[in-house]
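Participant: One predicted model, sequence on top.
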Amino acid sequence: MYWIKIVFIINFTLLLTCCNTDGNSSNKTNTTAEKDTTHILVLPNNISKNNKLVVFIDADCLKCVGTLVDWKAFITNYDLLSKNNLDFVFYVHTSNYPFFEHINNSKILFPVAFVNDSLNLFQTKNQLSDDMRQNAFLVNSNNEILARGNPLFSPDLLNRYIANIKSF
């Protein structure tokens with residue numbers, strides 16, 4: 001029983017530290033939400049042609065999954081589901097998607113469908129870092145990045161996202 005507790009504590013500690021959210025990342029990217037039409041987000045052809053809020057979630061990271069509660073509040077508080085010209089694309093990569101679905105359906109109740117990215121193609125093709133503060137994008141109908149960065153972590157980004165969304 002003692003060894004089971006130790007293994008659990010080690011696994012839990014590793015899970016909590018799996019997400020890189022410190023500012024010391026060697027793979028830093030632009031943290032501003034300035035319009036950047038020189039970069040195109042790589043999305044599958046079957047993704048909508050509307051303006052999109054695109055988010056990548058590493059569902060093997062407990063902190064990352066926890067942000068879904070904040071994303072749900074963001075979408076609800078700003079009544080974003082009623083915007084006909086804004087689509088939501090939440091890519092989820094996890095080693096256990098059925099377990100993630102169970103957590104969502106029993107605890108989070110996220111109002112938007114997820115894209116199960118079991119092969120992690122979205123993160124790979126777009127060369128995303130492990131820093132969850134950088135894995136959210138507001139893109140136009142041509143997939144040009146209008147804003148990059150997670151507005152849940154920055155009031156300035158939040159204001160920029162909302163201003164862009166209102167202009168759609």
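Facilitator: Received, thanks. Bear in mind the structure is a predicted one, so any value in this text is a computation, not a measurement. Residues are numbered from 1 along each chain as shown.

Participant: Find the nearest non-adjacent residue to residue 138, please.
Facilitator: Once flanking residues are discounted, residue 138 sits nearest to residue 147: 4.0 Å by C-beta to C-beta, 6 or more residues apart in numbering. Where you see a C-beta, it was placed from the backbone N, CA and C, and this is true even at glycine.

Participant: Let me see the backbone angles for the one you found.
Facilitator: phi -150, psi 140 (degrees, to the nearest 10).

Participant: Residue 43 now?
Facilitator: phi -130, psi 150.

Participant: thinking again about what came up before, could you count how many residues lie near the residue nearest to residue 138?
Facilitator: 21 (other C-beta atoms under 10 Å).

Participant: and the gap between it and residue 140?
Facilitator: 10 Å (C-beta to C-beta, to the nearest Å).

Participant: for residue 124, same thing?
Facilitator: 23 Å.

Participant: go on, residue 52?
Facilitator: Distance from residue 52 to residue 140, by C-beta to C-beta: 8 Å.

Participant: Quick check on the two: which one has the bigger neighbour count.
Facilitator: Neighbours per residue (other C-beta under 10 Å) separate residue 52 from residue 140, with residue 52 holding more: 22 against 17.

Participant: ok but residue 84 is inside a strand, no?
Facilitator: No. Assigned with DSSP: H, G, I helix; E, B strand; the rest coil, residue 84 falls outside any strand and is coil.
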